[in-house]
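*Asks:* could you work out the structure for the sequence below:
(one chain, ligands or ions: 1)
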Amino acid sequence: MPSQQLSALLAALLVIPQATAQARPQPAAATALRQQSLEFGTAWYPEQWPESRWETDLQMMQDAHMNVVRIAEFAWSTMEPSEGRFEFVWLDRAIALAAKHNMKVVLGTPTAAPPAWLTTKYPDTLRVDENGTRAEHGNRQHFSFTSPTYRRFAIRIAEQMAKHYGHNPNILGWQIDNELAAPSFDPSTRTAWHAWLRHHYGTVAELNRKWATAYWSEAYDTFDEVPMHSTHEHPALLLDWKRFVTDTWIDYVGVQVAVIRSNSAPAQWITTNTMHWFQGFDHYKLHVNLDLAAWDDYYQEGHLDVVRNMVQHDLVRGFKQQNFWVMETQPGFVNWGNVNAMLPPGVVREMAWQAVGHGADAVLYWQWRPAPNGQEEYHGSLLGGDGKPVPVLKEVARTGDEFARAADALRGTEVHADIAILQDYDSHWAVTFQPQTIKYDYETEITNLYRAFGMARPIDLIAPTADLSHYRVVFAPGLNVLPDALAQHLLDYVRNGGTLVLGARSGMKDVDNALQTGGQPGSLLIAALGARVAQYYALDKPQPMLPAGAATAWAEQLETLDAGTRVLMTYGKGNGWLDGAPAAVEHSVGKGHLIYLGATLDAAGMQAFLQAAKLPLPEPLLASIPADVEVMERTSPQHHVWIIENHGQEPRHVDLAQPANNLLASQPTAVKSIDLEPHGVAVLEVVK
Ligand code: GLA
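*Replies:* Sure, this is the predicted structure:
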């Protein structure tokens with residue numbers, strides 16, 4: 001293809017914002033999702049096994065109370081064994097057999113694993129890494145996400161599948177690709193990157209102005225001179241690279257979504273499976289054009305980190321601000337950690353119910369049975385290589401039985417939170433590109449807030465641009481990239497009666513990752529707060545805080561500019577510069593309160609801050625619960641369902657505020673208190 005044509009194609013493919021195409025789930029897909037109760041199942045790879053074995057597997061799944069299988073996401077070479085020859089008969093039979101066993105199906109498009117005929121005949125489809133090395137066949141994710149040839153084949157297989165299965169009543173929905181991850185640095189990406197920059201800036205002079213390229217003589221004469229880098233480069237380039245990669249993935253997914261939507265029944269929803277905090281693209285933007293968020297929940301060292309898992313579930317729920325799926329989780333252990341230890345007995349069940357408590361409508365295990373050969377022979381599974389159950393299958397089957405019992409009560413319920421924490425990709429990226437201290441970690445700051453709020457208050461973890469109007473309290477830790485439009489949105493929330501806490505490192509950068517010329521946290525917020533950040537300090541030692549606790553990694557010396565600005569906390573004696581300076585300040589704005597907290601705090605410091613700030617936090621769902629017990633709530637207009645878990649190692653007794661119906665008892669029974677064994681779970685219904 002002549003290069004001009006290529007660039008026109010890529011420009012057409014990549015620079016038109018796709019996100020607006022289907023900004024909301026199609027109504028029928030949304031309804032289908034709401035009507036779902038609890039799905040329970042596994043990844044299954046019929047293409048890896050003789051057909052004579054399929055029915056045995058499906059019967060065993062059914063016996064384990066499973067009702068859904070995800071299939072085909074790596075089966076491209078079986079579905080299209082040679083170019084343009086499609087073979088779906090085997091898949092028809094697998095889906096029909098699944099239906100016979102009351103198992104619904106999620107179909108994956110197989111584009112994470114192109115067949116050898118494709119990459120051999122069209123080597124331009126192969127991914128090139130940042131060092132310029134082209135991938136070879138024999139692994140997965142070895143495709144270039146900008147290759148026009150690859151797009152053609154990816155669209156065609158997705159279209160063929162949709163034409164074939166788009167009206168099959170046993171197909172619940174679609175998963176596009178699998179764990180989108182690695183960008184490519186090949187020539188077609190370079191062309192697309194330059195087209196993206198041209199579209200974004202119009203003229204190279206504008207790029208030079210925004211990026212301030214007089215610095216180090218970095219000025220560009222043409223867009224084509226701008227290199228492709230993902231680390232160790234100019235911070236504006238790095239941020240734009242992430243935005244370009246995001247738009248490219250949106251487009252990559254979008255073309256598959258388009259052919260599936262136009263060839264399928266509206267009730268079939270579309271998702272992709274993501275990896276919690278993965279920083280490769282902006283997940284909020286990617287999910288605009290998807291009906292459902294889904295993620296893969298793994299703990300490689302065999303120790304569940306309960307709070308981290310809460311945060312990750314809430315993060316994924318926030319992608320679309322609706323219930324989500326756990327598309328994959330480990331039946332005990334994985335094969336890609338340093339020590340792939342097994343989760344202790346009870347924890348696989350504990351994890352499944354914790355997911356539901358945070359808004360999951362499905363939990364699927366990866367995988368049913370290890371492939372007879374291949375890279376993942378050692379990964380945990382529900383059957384062994386011999387096709388016989390492994391010990392954890394009993395625990396999984398028990399969980400499936402419980403899901404079935406609680407399904408009706410959970411149908412149509414959602415998590416409702418009065419507290420929001422804001423999470424922002426631009427900001428996360430910006431502080432990662434220029435960390436200034438290895439002690440500051442964006443995810444840890446968010447996780448520490450969760451720890452401070454305890455395990456009995458629902459929290460939403462959402463994008464800063466989301467509608468904030470119904471939250472009592474909004475926290476924005478490290479909202480580093482804070483352009484005026486966003487500041488205005490936050491101030492509107494506060495003026496209308498909200499309480500906003502901006503955490504350390506907030507408002508330092510504008511949209512181009514440049515320092516705010518009006519100072520930190522930006523002129524609009526400085527005016528509203530009556531205070532500014534006079535200087536920031538990366539701490540090599542903790543800085544004592546008054547009245548209590550210590551600053552850990554980062555501390556900002558605040559300066560008040562207005563008589564109405566109230567100082568909530570100050571620094572004690574430490575690095576000298578900070579000693580006695582304001583560390584947290586508050587100002588009334590309209591009907592609400594704007595607070596700036598300039599330090600990352602240890603647990604004692606955070607409790608002191610919460611007291612000093614007198615935040616209108618909601619009461620916990622249950623008062624006086626043991627520290628290792630988590631209380632989760634899902635609600636519908638008619639009732640609440642509480643999921644209570646003992647994450648500790650000792651038995652725990654929990655008194656309930658009102659009688660509730662124990663949904664996991666063999667006969668639903670009214671209870672006023674519950675006793676939980678270590679890793680124990682109770683699921684209770686409270687009628688309003
Ligand atoms: C990811 C992939 C799966 C499998 C698991 C193993 O989540 O999506 O195909 O490789 O990891 O943990």
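*Asks:* around the ligand, which positions in the stretch 351-500 of the chain sit nearby?
*Replies:* Counting by Cβ under 6 Å from any ligand atom, the stretch 351-500 of the chain comes close to the ligand at W366, E376, H379. Where C-beta positions appear, they are placed from N, C-alpha and C, glycine not excepted.
*Asks:* mind checking which helix or strand the residue nearest to I260 when sequence neighbours are not counted is in?
*Replies:* Of all residues not flanking I260 in the chain, A162 sits nearest, at 4.4 Å (Cβ to Cβ, 6 or more residues apart in numbering). Element membership of A162, judged by DSSP states H and E, is helix 148-165.
*Asks:* would you mark the buried spots in that helix?
*Replies:* Buried residues in helix 148-165, counted by 16 or more other Cβ atoms under 10 Å: 148-151, 153-155, 157-165.
*Asks:* what about the residues of the stretch 351-500 of the chain next to the ligand, which are in strands?
*Replies:* Here DSSP state E is the test, and those give no hits in strands at all.
*Asks:* of those residues - the most surrounded one?
*Replies:* Counting neighbours by other Cβ atoms under 10 Å, the top entry in those is W366, with 23 neighbours.
*Asks:* burial measure for the residue nearest to it when sequence neighbours are not counted, as a count.
*Replies:* Leaving out its chain neighbours, the residue that sits closest to W366 by Cβ to Cβ, 6+ apart is E328, at 3.8 Å. As a burial measure, E328 scores 22 neighbours (other Cβ under 10 Å).
*Asks:* just say helix, strand or coil for E328.
*Replies:* Using DSSP: H, G, I helix; E, B strand; the rest coil, the structure places E328 in strand.
*Asks:* OK, contacts around the closest residue to the ligand within the chain?
*Replies:* Nearest residue of the chain to the ligand: D296, at 4.0 Å (Cβ to the nearest ligand atom). By Cβ atoms under 8 Å, 6 or more residues apart in numbering, the contact set of D296 is E179, N273, T274, M275, H276, V326, M327, E328, T329, W366.
*Asks:* name the next helix or strand following whichever strand or helix holds it along the chain.
*Replies:* For D296, the host element (DSSP H and E) is strand 294-297. Once the chain leaves strand 294-297, the next helix or strand it forms, by DSSP H and E, is helix 306-320.
*Asks:* so which bits of that next one are buried?
*Replies:* Buried positions in helix 306-320, judged by neighbour count with 16+ other Cβ under 10 Å: 306, 308-320.
*Asks:* ok, now stretch 345-357?
*Replies:* The neighbour-count check on stretch 345-357 (16+ other Cβ under 10 Å) flags G346, V347, V348, R349, E350, M351, A352, W353, Q354, A355, V356, G357 as buried.
*Asks:* do you know the pLDDT at the last one?
*Replies:* Per-residue confidence (pLDDT) for G357: 98.
*Asks:* touching, it and H640? I think so.
*Replies:* No - contact criterion Cβ atoms under 8 Å: G357 and H640 do not qualify, at 11.8 Å.
*Asks:* intersection of neighbour lists for these two?
*Replies:* Joint contacts of G357 and H640 (Cβ under 8 Å, 6+ apart) are E633, R634.
*Asks:* what ranges do the strands span in the stretch 501-650 of the chain?
*Replies:* Assigned by DSSP state E, counting those that start in this stretch, the strands in the stretch 501-650 of the chain fall at 531-538, 543-546, 550-560, 566-571, 582-589, 592-597, 599-601, 629-635, 639-646.
*Asks:* which strands or helices does the helix or strand that contains V253 pack on?
*Replies:* Taking DSSP H and E as the definition, V253 sits inside helix 235-261. Here helix 235-261 touches helix 3-14, helix 148-165, helix 187-201, helix 204-211, strand 269-271, helix 283-287, helix 425-433, going by 3 or more Cβ pairs under 8 Å, 6 or more residues apart in numbering; DSSP states H and E.
*Asks:* next SSE downstream of the fifth one?
*Replies:* It stands for strand 269-271. strand 273-274.
*Asks:* now that next one: mean pLDDT?
*Replies:* If you average the pLDDT over strand 273-274, you get 98.
*Asks:* what of stretch 550-565?
*Replies:* When pLDDT is averaged over stretch 550-565, the result is 98.
*Asks:* in it, what counts as buried?
*Replies:* A550, A551, T552, A553, W554, A555, E556, Q557, L558, E559, T560, T565.
*Asks:* how far away is the fifth one from Y440?
*Replies:* Look at W554 and Y440: by Cβ to Cβ, to the nearest Å, they are 5 Å apart.
*Asks:* for the first one, same thing?
*Replies:* Applying Cβ to Cβ, the value for A550 to Y440 is 15 Å.
*Asks:* phi first, then psi, for the residue in the chain sticking out farthest from the centre.
*Replies:* Most distant from the centre of the chain: A563, at 41.9 Å, with distances by Cα atoms, centre = their mean. For A563, the backbone dihedrals (degrees, to the nearest 10) come out as phi -60, psi -30.
*Asks:* let me see the contact set for it.
*Replies:* A563 touches G530, counting by Cβ under 8 Å, 6+ apart.
*Asks:* alpha carbons of the next helix-or-strand element following the helix holding A162, as CSV, please.
*Replies:* Next in sequence after helix 148-165, counting helices and strands by DSSP H and E, comes strand 171-175. Written as CSV, here are the backbone C-alpha positions of strand 171-175 (Å, rounded to 0.1, in the frame of the first residue of the first chain):
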residue,chain,number,x,y,z
ILE,A,171,-24.6,-16.6,23.9
LEU,A,172,-24.8,-14.1,26.8
GLY,A,173,-22.2,-11.7,25.5
TRP,A,174,-18.8,-11.1,24.0
GLN,A,175,-15.3,-10.5,25.2
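*Asks:* what's strand 171-175 in contact with?
*Replies:* Here strand 171-175 makes contact (Cβ under 8 Å, 6+ apart) with 29, 32, 36, 39, 68, 70, 73, 95, 104-109, 162, 165, 260, 264, 268-273, 291-292, 294, 327.
*Asks:* go with 7 Å
*Replies:* 68, 70, 73, 104-109, 165, 260, 268-273, 292, 327 (Cβ atoms under 7 Å, 6 or more residues apart in numbering).
*Asks:* so S37 is in contact with R411, correct?
*Replies:* Yes - the criterion here is Cβ atoms under 7 Å, and S37 meets it with R411 at 4.2 Å.
*Asks:* name the residues contacting each of those two.
*Replies:* Common neighbours of S37 and R411, counting by Cβ under 7 Å, 6+ apart, are absent.
*Asks:* stretch 135-143: which residues count as buried?
*Replies:* By neighbour count with 16+ other Cβ under 10 Å, stretch 135-143 contains the buried residues A135, H137, R140, Q141, H142, F143.
*Asks:* let me know the closest of those residues to F281.
*Replies:* Q141 (14.1 Å; Cβ to Cβ).
*Asks:* which positions in the chain make contact with the ligand?
*Replies:* Going by Cβ under 6 Å from any ligand atom, the residues of the chain near the ligand are N178, E179, D296, Y298, E328, V334, W366, E376, H379.
*Asks:* is Y440 in contact with A551, as I believe?
*Replies:* No - contact criterion Cβ under 7 Å: Y440 and A551 do not qualify, at 11.2 Å.
*Asks:* give me the common contacts of those two.
*Replies:* Common neighbours of Y440 and A551 (Cβ under 7 Å, 6+ apart) are T600.
*Asks:* out of the contacts of D296, which is most surrounded?
*Replies:* Result: M327 is most packed of those (other Cβ under 10 Å), 29 neighbours.
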